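1. What follows is a predicted structure for the sequence shown.
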Amino acid sequence: MLIRAYLRASTKEQDASRARNDLQRFADERGLKIVSWYVENESGASLARPELFRLLSDCHPGDILLVEQVDRLSRLNAEDWSKLKAEITAKRVRVVAMDLPTSYQLANAGDDFTSRMLDAINGMMLDMLAAIARKDYEDRRRRQAQGIASAKAKGVYAGRPEDTKRNAAIISMLRSGQSWNTIIQATGCSRSTLSRLARRLAEGETEKVSAA
């Protein structure tokens, strides 16, 4: 049995490794050794999480997937959560979450009967917390949309401030002929942001030609 720790944050601006010390302390207190760490900045509402699936690919039957909270593993809708849970079940991986006390015993389960009972109980609790995490995600998105709509109606919504320093660097990379994939990997920007900056660059170059 190997312990593999998964750390996730939603955006590039957040520190995905924030809970590393807490997970290490949790393992140390139980005499467990974390053999590998998997860290990524991706939305918990998406299945497009390379590090999570790399972790599952590395796992052997009986290994532990250790997370700080269930919402670090999933804010998925019901369909996607079923897909992820099926992958976890197929790999015979046990999920232990610091906010799910019923999962703690899985790290030290002994006989087969006890293990199966704990797996069943933990599976029900995981489903419940995953559903709560999804509802929290949808509630926050709804409140955010309502706030934006209200601000727009009042004429005070300005949107997210532009990262001018980063965008200037991206435009410079576009001018030098670097590929989009290279720029995305280097800067962490989204493809939509890159497309917008490419249009801005093209429009700027057109204006220079017209002025000349």
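-> Yes, it's here. Given the structure is predicted, the values throughout are model-derived calculations rather than measurements.
2. Domain map for this structure?
-> Domain segmentation of the chain under automatic domain parsing yields 3-136, 164-211.
3. rank these by mean pLDDT and give me the bottom one.
-> Per-stretch averages of pLDDT across these put domain 164-211 at the bottom, with a mean of 82.
4. next one: that domain to chain centre, how far?
-> Between the centre of domain 164-211 and the centre of its host chain there is 26 Å, according to CA atoms, centre = their mean, to the nearest Å.
5. give me every residue that touches the residue positioned nearest the centre of the chain.
-> Averaging the C-alpha coordinates of the chain gives a centre point, and the residue nearest to it by CA atoms, centre = their mean is Glu42 (3.3 Å). The contact partners of Glu42, taken as CB atoms under 8 Å, 6 or more residues apart in numbering, are 8, 10, 48-51. No exception for glycine: its C-beta is placed from N, CA and C like everyone else's.
6. Highest neighbour count among these?
-> Comparing the contacts of Glu42 by number of neighbours (other CB atoms under 10 Å), Arg8 comes first, having 25 neighbours.
7. That one touches Gly44, doesn't it?
-> Yes: with contact taken as CB atoms under 8 Å, Arg8 and Gly44 are classed as touching, separated by 6.3 Å.
8. Identify the contacts common to these two.
-> With CB under 8 Å, 6+ apart, Arg8 and Gly44 have common neighbours 72-73.
9. Let me have the domains of the chain in a markdown table, extended by distance to Lys154.
-> Rendered in a markdown table, the data for those read as follows (distance: least, CB to CB, whole Å):
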| stretch | distance to Lys154 |
| --- | --- |
| domain 3-136 | 27 |
| domain 164-211 | 26 |
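10. what's the most buried one of those domains?
-> Counting by mean count of other CB atoms under 10 Å, domain 3-136 has the highest mean neighbour count of the domains of the chain, with a mean of 16.
11. Can you give the distance from that one to the centre of its chain?
-> On CA atoms, centre = their mean, the centre of domain 3-136 falls 12 Å from the chain's centre.
12. Kindly check the end-to-end length of it for me.
-> Across its full length, domain 3-136 reaches 28 Å end to end, with CA to CA, to the nearest Å as the criterion.
13. any idea how far Ser192 is from Leu32?
-> 42 Å (CB to CB, to the nearest Å).
14. Name the single longest helix found in this protein.
-> Of all the elements of type helix in the chain, the one with the most residues (DSSP state H) is helix 112-154.
15. What are the boundaries of the helices in the chain?
-> With DSSP H as the definition, the chain shows helices at residue ranges 20-29, 50-58, 70-73, 78-90, 112-154, 164-175, 180-187, 191-211.
16. could you dump those to TSV with distance to Ser36?
-> Putting those into TSV (distance: least, CB to CB, whole Å) gives the following:
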stretch	distance to Ser36
helix 20-29	12
helix 50-58	7
helix 70-73	16
helix 78-90	17
helix 112-154	22
helix 164-175	31
helix 180-187	22
helix 191-211	30
